[in-house]
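A.B. asks: quick one, what's the 3D model for this:
(2 chains, ligands or ions: 3)
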Amino acid sequence: MKVTIKSWTGVATWRWIANDDNCGICRMPFDSCCPDCKLPGDDCPLVWGACSHCFHIHCIVKWLHSQPQQQCPMCRQDWKFNNK
Amino acid sequence: MSQKSDELKIYWNKIIYAFPILNDNLSSECTDTEYEEIAHIITGLSIQVKIRDLILVHIEKYLRHNVAPSFWSKFTKIEEEIKGFQLFKSAVNDLYESVNSFSILLRRLTLLNNTCCDNRPIFGERDVIQGFKQLVRATLLSQLPVTFHVIINHFYKLSFNVFDNMKAYEDSFMDEDACSGCWNEYSECNCAYIVKVFYDTNRKLVELQLLERLAGQVLTNFIQQRIEAHIHKLCTGTFDLSYIALLEKWLDVTVMTWLTRIYCAGSSEPPPDDENVQNAIAKFKQKLRYYLYHSYTKLRIDQLFIIIIEYPDSRPAISDIKVCLNKTDLQKSLCKNLQNALETRLLHPGVNTPDILTAYISTIRALRHLDPSGVILETVTKPVRSYLRNREDTVRSVVSSLTEEGTGSELAEELAKFAADNDEEGEKEEAWDEWMPDPVDADPRNTASDRKGSDIISMLVNIYGSKELFVNEYRTLLADRLLAQGVINTDKEIRYLELLKLRFGESQLHFCEVMLKDISDSKRINALISQDKNFEEMNNKFASNAMILSAQFWPPFKDESLELPDEIKEHLADYTKAYETLKGNRTLSWKPHLGNVNIEIEIGQKKLDLTVSPFNATLIMHFQTKPEWSLDELHEMMKVPVNVLRRKITYWQSLGLISEKSSDYYVLVDGSEACKSNVPSNQVQEMICEDEEAESVMASAHDQREGELQVFWSYIVGMLTNLDSLPLERIHQMLKMFASQAPGTECSLNELRQFLDTKVRTHQLFLQGGMYKLAKS
Ligand SMILES: [Zn+2]
Ligand SMILES: [Zn+2]
Ligand SMILES: [Zn+2]
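C.D. replies: Ligands and ions are numbered 1, 2, ... in the order given. Alright, predicted model coming up:
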């Protein structure tokens, strides 16, 4: 008997490679989207700070807008986007 | 003194001579001239009132002692129809004659009464003749024997038979030897005589105003039997016509002609000057019309289940019932009857859920038309709703029928209709001038707009009382379909989803939107990855694709383990790498047991092209490398529980590729032997696809909810550890207090009971005398 695989369609779930499960600002899972968005992933991406904390991009932008100082809400270090 | 008394004696004898009734005798030889003289004597003595009253007493006594007993003496309990006929005839004749023999007496009594100026009513009537008739009736009826109806029955039964037959005889040619009217040979046919007697007797009874009292019941019964027979003959099998007009006409023409003939001695027109007869006929007709509606309604009520199933073809029948319910008092009996029919015909395990739903939908539609207030519907379908609530596959059936393709799916049409209505009218405001009060038997807990406004889909959804559960089930079903079919017409699904959103609201269905987007995104990603240089080489061996899901938006998957063959694992790992390159900072977790595999199997001379599950692909690949496996070895290799293995391996056994050589030991059936399996491969494939689809890979709604309720478990354990044992209500209360912050934790008492019961079944709890207790570990 010879078995030939012609095609294999697998099922996978995607997830962000991050050191936490939930966004520290909105408390939603990273793999879900921020409260302002409807679609996860490409439409509501994560960003990392130089401090290595990460958030939904929409959450951290909103946070930084509301604050006099540009600090990471988790560790209070100055916030810098890290283009990892 | 004695002279005076002699004189009076002479007068008295003269008065008796004029009114022999005073001696209880009727025959009088007194001539009119003689009477005038005697009348003078009476008025001369001013005793007219006394004499009149004395005469009345004697008339009454005479009727009581002679007329009535001799009349009733003929009403025996006789068996023979023709004898009964004769007896009744002669009883009426004799009565008629003896009443007539009062005529001279009554004429003189009238004259006498005219000389009395006291205006006293005679037996309740103004006029002597009327008073007398009244007295005759009252006296007769006061002596009514128990079995009076026997000969009356005989009389009318025989007459009706002849009567009917005469009409038939006019219409059609009779080819029997015996007359079917009187059952005699034609040569000795009695029909003409019977009809004559029939008319004659009826006329006499009408004149005596006794027809109704004596024969009314019997007549009514006979006519009612005929009405019933006519309705059954005319209306039984067909529901697509309205019969009310036809029946009314039949009553007006046929039945009334017939009734008039009885009352008017064969004439089909009532005498224009006889109000008594006209009134009697009109009253009778009213009774018969009511009966007509009653019978027709009852027939329709008995057939209501079938009528409902055939709705909307049976709309005319429903419209008829609607009219009839207003004229009869059968609404209660309708509800009870239909509820019974639904229960016995639908609500048992032998009927599958889609059929119950179809019937339920028909019921909703038909009863809406029958009773726009919604009260009947609500009452009648209560058991249907609670039955459906307890069926496991109800939500699933509703959802799949909602999404069914093509025509014939009532719910799919309903859904589209709802969207169209919404577009056209927007919010519908209730017109104040069309307001109607609720019927008195309406359940006050539900408002009129609840009953009227809710469409069929909401009625189905409301079986559960929650949209969430319903939408959840839709999500599960969609997930299954997306994963099973792989390639799916997402445009169509999106269009459909838009319809559902209109119905159930945006937020509820947002998850489904993401799921659909995952599938279309996956196609794009697959295309991009297949162009990846590093992946290309790998993909040359065989094409691998992925369905990449946003886990947060999909229903939870059943946990199943499966260890894939190394070459597949490598392949998927490469896919993951390519994905990571494509989408920075993101990676994939594979669900190895999900998906589908297209394989080609060459065995002997034969080639099989199959689409199978990853499990089946893995299994057959292992048999390619080694033709014999014990169950334990396979378990070791595939990390699948042995009972699952044993169940699933039957797929290959059914194809004839693997056989169980000895207990739990499987071998490949190679070469020529396998070719003996002469199942055409197409057919096999279809069979398998069905098999694969039948099982959902999603955790069921029930499982999901149980998962959610698990949140409570730690609280409950805590409570019971501290308080030893608690009743259901107390646990519910405490949970409300302590656990109200946890997400998605609204839990009804009923749900909690079910949850606790599963814990009892799995021996984690004891239930004793209504108290829950932790099992000793
Ligand atoms: Zn966030
Ligand atoms: Zn966002
Ligand atoms: Zn930080």
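A.B. asks: same question for stretch B:317-332, mean pLDDT?
C.D. replies: For stretch B:317-332, the mean pLDDT works out to 88.
A.B. asks: okay, now the sheet partners of the lowest-mean-pLDDT helix or strand in chain A, with direction.
C.D. replies: For chain A, the helix or strand with the lowest mean confidence is strand A:81-82, at a mean of 86 (criterion: mean pLDDT, DSSP states H and E). Paired strands of strand A:81-82, with direction, are strand A:46-49 (antiparallel) (DSSP bridges).
A.B. asks: quick one: low-confidence ranges for chain A?
C.D. replies: A:83-84 (pLDDT under 70).
A.B. asks: all helices for it, in order.
C.D. replies: Using DSSP state H, the helices of chain A run over A:57-66.
A.B. asks: in whichever strand or helix holds B:Arg646, what counts as buried?
C.D. replies: Here B:Arg646 is covered by helix B:642-648, with elements defined by DSSP states H and E. By 16 or more other CB atoms under 10 Å in any protein chain shown, the buried positions in helix B:642-648 come out as B:Val644, B:Leu645, B:Arg646. To be clear about C-beta, it is placed using only N, CA and C from the backbone, and glycine gets the same treatment.
A.B. asks: re earlier: residues contacting the least confident helix or strand of chain A, please?
C.D. replies: Here strand A:81-82 makes contact (CB atoms under 8 Å, 6 or more residues apart in numbering or on different chains) with A:Val47, A:Trp48, A:Gly49, A:Ala50, A:Ser52.
A.B. asks: at 10 Å instead, please
C.D. replies: Applying CB atoms under 10 Å, 6 or more residues apart in numbering or on different chains, the external contacts of strand A:81-82 come out as A:Val47, A:Trp48, A:Gly49, A:Ala50, A:Cys51, A:Ser52, A:His53, A:Cys54, A:Ile57, A:Ile60.
A.B. asks: could these be laid out in a markdown table, adding distance to ligand 1 and neighbour count?
C.D. replies: What follows is the contacts of strand A:81-82, written out as a markdown table (distance: CB to the ion, whole Å; neighbours: other CB atoms under 10 Å in any protein chain shown):
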| residue | distance to ligand 1 | neighbour count |
| --- | --- | --- |
| A:Val47 | 10 | 19 |
| A:Trp48 | 13 | 18 |
| A:Gly49 | 13 | 21 |
| A:Ala50 | 19 | 13 |
| A:Cys51 | 16 | 16 |
| A:Ser52 | 16 | 14 |
| A:His53 | 12 | 20 |
| A:Cys54 | 10 | 24 |
| A:Ile57 | 9 | 15 |
| A:Ile60 | 8 | 24 |
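A.B. asks: coming back round to it: now check the least confident helix or strand of chain A, is it near ligand 3?
C.D. replies: No - Strand A:81-82 does not reach ligand 3 (CB under 5 Å from the ion); its nearest approach is 10.2 Å.
A.B. asks: using the three-state scheme, assign B:Asn25.
C.D. replies: coil (DSSP: H, G, I helix; E, B strand; the rest coil).
A.B. asks: pretty sure it contacts B:Phe19?
C.D. replies: Yes - counting by CB atoms under 10 Å, B:Phe19 is a contact partner of B:Asn25 at 9.4 Å.
A.B. asks: show me which of these two is the more surrounded one.
C.D. replies: B:Phe19 (26 against 12; other CB atoms under 10 Å in any protein chain shown).
A.B. asks: do I have it right that that one meets B:Arg108?
C.D. replies: Yes - the criterion here is CB under 10 Å, and B:Phe19 meets it with B:Arg108 at 6.9 Å.
A.B. asks: roughly how far is whichever helix in chain B runs longest from the heart of the chain?
C.D. replies: In chain B, taking DSSP H as the definition, the longest helix is helix B:275-302. Its chain's C-alpha centre and that of helix B:275-302 lie 26 Å apart, by CA atoms, centre = their mean, to the nearest Å.
A.B. asks: that older thread, could you see whether chain A lies near the following helix or strand past the helix holding B:Arg646?
C.D. replies: Where DSSP H and E defines the elements, the next helix or strand beyond helix B:642-648 is helix B:650-655. No - using CB under 10 Å from any CB of the partner chain, helix B:650-655 never reaches chain A; the gap is at least 10.9 Å.
A.B. asks: which helices and strands sit right next to the following helix or strand past helix B:650-655?
C.D. replies: Downstream of helix B:650-655, the first helix or strand assigned by DSSP H and E is strand B:658-662. Under the contact definition 3 or more CB pairs under 10 Å, 6 or more residues apart in numbering or on different chains; DSSP states H and E, strand B:658-662 sits against helix B:614-625, strand B:628-630, helix B:650-655, strand B:665-668, helix B:671-675.
A.B. asks: list the contacts of the shortest one.
C.D. replies: Outside of strand B:628-630, the residues that reach it under the criterion CB under 10 Å, 6+ apart are B:619, B:622-623, B:635-638, B:645, B:649, B:658, B:661-668.
A.B. asks: and whichever strand in chain A runs longest, what's buried?
C.D. replies: Longest strand in chain A by number of residues (criterion: DSSP state E): strand A:2-16. Neighbour counts over strand A:2-16 (16+ other CB under 10 Å) mark A:Val3, A:Ile5, A:Trp8, A:Thr9, A:Gly10, A:Val11, A:Ala12, A:Thr13, A:Trp14, A:Arg15, A:Trp16 as buried.
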